[in-house]
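*Asks:* Pasting the sequence and the predicted model now:
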Amino acid sequence: MATSQAFSTLRGSLEGQLLQSHQDPQIHAVTSDSRKIEQGSLFVALVGAHFDGHQFLADAVKCGAVALVVQQGAVPGVLPQDVEIFEVADTRLALALLCARLYGPLPKKLSAHVFGVTGTNGKTTSTYLLESILQHAKHKPGVLGTINYRVGEKVWTSSSLTTPAPDLLWHYLGCMQEEDASHLLMEVCSHALDQHRVDGLTYRVAGFSNLSQDHLDYHHSMEEYLHAKARLFSELLAPNGKAILNKDDPSFETLAACSRAPVWSYSTIPGSGADLQVRQKEVSIRGIHAIVETPVGQLTINSSLLGEFNLSNLLLACGMALADGLPLAVIQRGVEQMRAVPGRMEGVSHRHDVQVVVDYAHTPDALEKVLQSLQAICRGRLLVVFGCGGDRDKGKRPMMGKVVSEYADVCIVTSDNPRTEDPQQIVDHILEGIPKDLPRLDAIPDDTQKGVWSCLDRSLAIQGAIERARTGDLVLIAGKGHETYQIINTTRYPFDDREIAKKSLEERGGRMSSQQAGYKVTAAKLAEATGGTLLQGEPSTPLQGVSTDTRTTQKGQIFAALVAARDGHTFIPTAMEKGAGALLISDDSIELPPDVPVVLVQDTERALGDMAAAWIKENRPYVVGVTGSNGKTSTKEMVAQILAQVGPTLRNEGNFNNLLGLPLTAFRLGPDHDYAVLEMGMNAPGEIDRLAEIGNPDVGIITCVAAAHLKGLGSIEGVAAAKAELFDRLDPSQTAVVNADDPHIMRHAKPLSCKKIFFTKEDPKSRDIPEGADVVTASKIESLGYEGFRFVAHVPGKDPFVVHLPIVGRHQVGNALAAIAATHVLGVQPEAIIKGLATVRPTGRRLKVVQTQSELQLLDDCYNSNPSSCRAAIDTLVDLGEGKPRFAVLGDMLEMGDTENEQHAEIGRYLAKSGIEHLFAYGPLSKHMAEAAKAADNPPQTVVHQEEDVEALWQAMEPLLTPDAWVLVKGSRGMRLERISKKLEAFEQKVTS
C-alpha cells in the first residue's frame, strides 16, 4: 500500500475541476473527519444529514490538511488559502476512489477472494457461515460486518456501521493484510452502496439474501431501496465473478437482469429449478437438515441453526463458497461446525424450563420469520419483548406490532433505540398495528390471559417478562440482538439485552430455588404428612423446600437426616449453620438445637416419600408413571415433551427416579403444574410398589421386560413381577398402557381391574389383545438414518397422523407409541403429540449419534447395558452404518446373575449374525461374547478383539479406524466406557488435522 502520492496523481481518475492550485502537495492520508486530520492529509468534505463537512474546511487546513475536495453546489463563498482545492460532483464517490487509489490495491491473493453480501436480513448469519466454511478449508478470512471487524480471534472493534466509511474501510483492510487474511467477507448495506463507500473495490462473488421493508426513512421507496442494493451486482461485481441470488425473493428477476456477472440462483422450494435447489428439508428444534442439488453435485446440510429462514441463509453461504471453488465435503463440514451467531436466535442460559432467546430482528419480515420458528418449539406461552428504533422508518412500526400480535401470547412493547424521538410516540405507532380487541394489560399476566403490555423502560420490560414467565414459556427479546448500547437522544448508554436477561434469570432462579419451586408446609402439616411427632417448635412455623445434602441446604428448608452410608444426623450442626428451618429425624437420642421445629419419624427416607405423596395430592396434577427394563428415560421424555405442548409439566431430571430422587422431584411441583411425568427405577422387589404409592399415577407405563438386574431379581419372571407392581397399584379409574409386543407384560395385564390401552408396532391381529380394546399402532415405519424415524400413528377415535421421531433406534418407535397412548388417555390431541415428539432429543449417553469434524460417526450408548438394549443398539449400528466400516465396542453387562455367561455369549452370536465387521469386547465377562462371535459361522467373519484393559483395547482398535467408520460404544455404567468415547473424540481431531 502506498504511503504517499502527489495530489495531481491521486486525483487523476476523478472528474472535476481544480478551483485552487498550491504546489501539488504530497498526500499521506485521506479522511472525511476533520478531527482525524494530520499533517499532509487530504480532507474530503461530505454533505451529511446532520453535518456539512464544508463548514470545517478552515479547521481542516489549520490541523494540517494540504488539499481539499469539495462538492459542486456546496462550496462556501470564502475558501482557505495556501491549499489545493478540487471540486467534484459527488464527494462521497470521490472519497471512496481516493482511498482506493492511495491505500490500494489489495494484494493479488486477497483481491481474488472478495465476497460481498447484501439484503435486508441474513447478511450477518451468511457471513458467519461462510467464515466457518473457509476456516474449515484452512483459509484465514477477514470479516467486515454488523457485529465486528475481525480475522479469526483478532477483533479490532465492535462496529457502529455495518459497512464502514471508505477511510475506515481501507484502514481495516490494511489491518487484515497485516494478519495475512486470505479472503475478505463483507456485509454491504444499502446505505454503503448508495453512498459509494465500497466503490473502488471489485467483488469476485456477490450474494443477495432478501428484500423487505426497512430504511425507508432514507431510501423513501422500495424501488429506491432495491436500486441501491442492485449496485453491488450492476457496478461493483467483476464481470468474470459470480452473483448468488435468492430465487424465492420477488426482486430476483430485477437483480439477475442487471448483474454484470453470471448468476447462480438458490431456492428453498423443491422443484423451483434454481441452481442450488432444496430437494428434501426438515426444520426442527434440533436445527436444519436438507439435501441440496448444486451445479457440482448433491450437498447434505446439517446445521444447528433454527428456522426455515436460516435454510435460505445456508444456501446463500454454500452457493458463495461453491463459486469460490470449495469442494462440497468442506462446505458440509464447515456448516456443521458453525454453532451460533451473536444476537441471532441466541439462547440465554435458562432455569426451571423458562427459555430466553435474543434476536436482532428489527423488520416486520425478519420478526415474523423468527416468531414462526420459535412458535414451533415453544412448549408454553410465547412472550415477546420488542420496540422500534427512533429517527428511522416509521412505516414499519405498526407492521411489527401486527406481526407480533399474530404470534405472541403476550406482546410487551418497549423502547429500542429511541434516539431523538419521544419513546411514547414510537410505542403509540407500534400499538396502531395491534388489534384493538387484544386486551391492553396493566401488568404481564402469569396465567393464560393474552394481551399487550407497554413499558417504556426496556430493562424493566425484560425483567418483567422473565419474572412472570411460567414453566415451559419462551421469552423472545427482539430488535437489538448483539448490541451493547441503547441510544437515547444522541448518547450511547451501556445496555445489553443478554446481560439484562441473564441477571433476571439469576434473580428468578434464586427465588425458585429458595422455594423448592413450590414446596410449602407448616411444621404441624409436616408432622401430619409423615405420621411423625413434633418434638419442639411452633406448629404454625412456615417452611419452604427440602434438603438432604448440607452442601446445598438453604435458609428455611427442611433438612431430612437420611441414614445411609453416612448418617445424616451427624450433619445437623452444618444444616443449622446454613439456616435450615426445620429438622426431620429418626434418632431422638441426639442433642437437638433450640428454637427450631423438629419432627421425629421412624424412617426418614420413608417420611420423604410420605411428604411427596401428600404434596402431589395437594397440587393434583395428572401423573404419568413410567418404568421398564429399557426405554424408561426415553419414554418419560417423550411423554413430557408432548404434555408440555398443552400445559406446564414436571419431570424427573437425571437419575432422580428412585426412592430418594422421585420425592425430591415431587417437591418441585407447584400450583402451575398441570402434569407430572415420573420415571420409576428399581433394583429390588417392592421398590416400584412404593414409588407408585408415592406418585399415585393416573396413567402407568411399563415399556418392556428384559433381562436386567437379575442378580437382585433372580430371573426374567422376577423382573416382570417387580415391574408389574406399577400396574398392580392402579385403581379402576386409572389406566395401564400395555405393551402388546411383550408377552411378560401381557400376562401381568390380564387380571388387572384398571382401564387398559394397548400399543404395538406389529399387526394388532397378531397379538393377544382383547376384542374391542383401545389400541395404538404404527404403520409405514421408515428409517431416516441418523435423523430418526417417520411413521403413521393410529389412535382410537382419531384420523391417522404422521409422526417424525428425531432419535435413532427402531425400538424408539415402540416407546413413542407408549407415549402417544398415555397422552391420548389424558385427552391430548394429535397436533400436540406431533409437535411434542418432534422436539425429543437423546438424553445423556443413551444411543446418541455424535457427528464429528471428520466423517467418523460415534454412536454413544455407554450409559448402561443389558441384553435387550444391546441387541437394539446393534440393530441401530447395522442400520446407520450400512455400507461403512462398523465397529462395536461392547463392555460387560453387569448384574446378570447366574446366567451372565450365556447372556454375553448370546450377544456375541447376535452381533456376528448382524454382519458388523469389528467387535471389540471389553471386560472379564465379555470374553464369552468374543468367543461366541468367533465361533459363529456367519460369513463374512467378524474380526474380534477382547481386552480387559482400556488402553490395550484402544491400541488394538485405533489403527483399524477409518474416517468414514461408524463406532458403537456400549456397556454397563460400571465399565466406564465413556473413556473410549473420549479417545474417539481425540482420534477424530487427529483425522481432521
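*Replies:* Received it, and whenever you're ready, just let me know what you need.
*Asks:* any idea how far the closest residue to T31 other than its chain neighbours lies from V44?
*Replies:* Among residues not flanking T31 along the chain, D167 sits closest, at 4.9 Å (Cβ to Cβ, 6 or more residues apart in numbering). Placement of C-beta: from N, CA and C, glycine included. Distance, D167 to V44, by Cβ to Cβ, to the nearest Å: 8 Å.
*Asks:* quick one, phi/psi of the residue nearest to T31?
*Replies:* Backbone torsions for D167, taken as degrees, to the nearest 10, come to phi -70, psi -40.
*Asks:* joint contacts of D167 and V44?
*Replies:* 30-32, 95 (Cβ atoms under 8 Å, 6 or more residues apart in numbering).
*Asks:* More neighbours: D167 and V44, which one.
*Replies:* In this view D167 and V44 are compared by other Cβ atoms under 10 Å, and V44 has more residues nearby, 28 against 22.
*Asks:* That one reaches V30, doesn't it?
*Replies:* Yes. Between V44 and V30 there is a contact under Cβ atoms under 8 Å: 6.6 Å.
*Asks:* list the residues that contact both of the two?
*Replies:* The contact sets of V44 and V30 overlap at 95, 98 (Cβ under 8 Å, 6+ apart).
*Asks:* re the thing from before, need the worst-confidence member of the shared contacts of D167 and V44.
*Replies:* Within these, S32 has the lowest pLDDT, namely 91.
*Asks:* Sitting in strands, which of the shared contacts of D167 and V44 do you find?
*Replies:* 30-31 (DSSP state E).
*Asks:* Apart from its neighbours in sequence, what residue is nearest K480?
*Replies:* Among residues not flanking K480 along the chain, D497 sits closest, at 5.3 Å (Cβ to Cβ, 6+ apart).
*Asks:* likewise L97?
*Replies:* According to Cβ to Cβ, 6+ apart, the nearest residue to L97 is G200 (5.2 Å).
*Asks:* for this structure, what helix or strand is lowest in average pLDDT?
*Replies:* Of the helices and strands making up the chain, the lowest-confidence element is helix 978-992, at a mean of 66, by mean pLDDT, DSSP states H and E.
*Asks:* G433 is in contact with M399, correct?
*Replies:* Yes. Between M399 and G433 a contact is recorded at 5.9 Å, counting by Cβ under 8 Å.
*Asks:* Could you pull up the residues touching N210?
*Replies:* 119-122, 246, 248-249, 312, 365.
*Asks:* what do you get for S34?
*Replies:* Listed by Cβ under 8 Å, 6+ apart, the contact partners of S34 are 43, 53, 56, 59-60, 63.
*Asks:* buried ones in stretch 347-366?
*Replies:* 348, 350, 352-366 (16 or more other Cβ atoms under 10 Å).
*Asks:* Any idea how far apart the tips of stretch 337-348 sit?
*Replies:* End-to-end distance for stretch 337-348, by Cα to Cα, to the nearest Å: 20 Å.
*Asks:* Quick one: mean pLDDT over that stretch.
*Replies:* 82.
*Asks:* Centre of the chain to that stretch, how far?
*Replies:* 8 Å (Cα atoms, centre = their mean, to the nearest Å).
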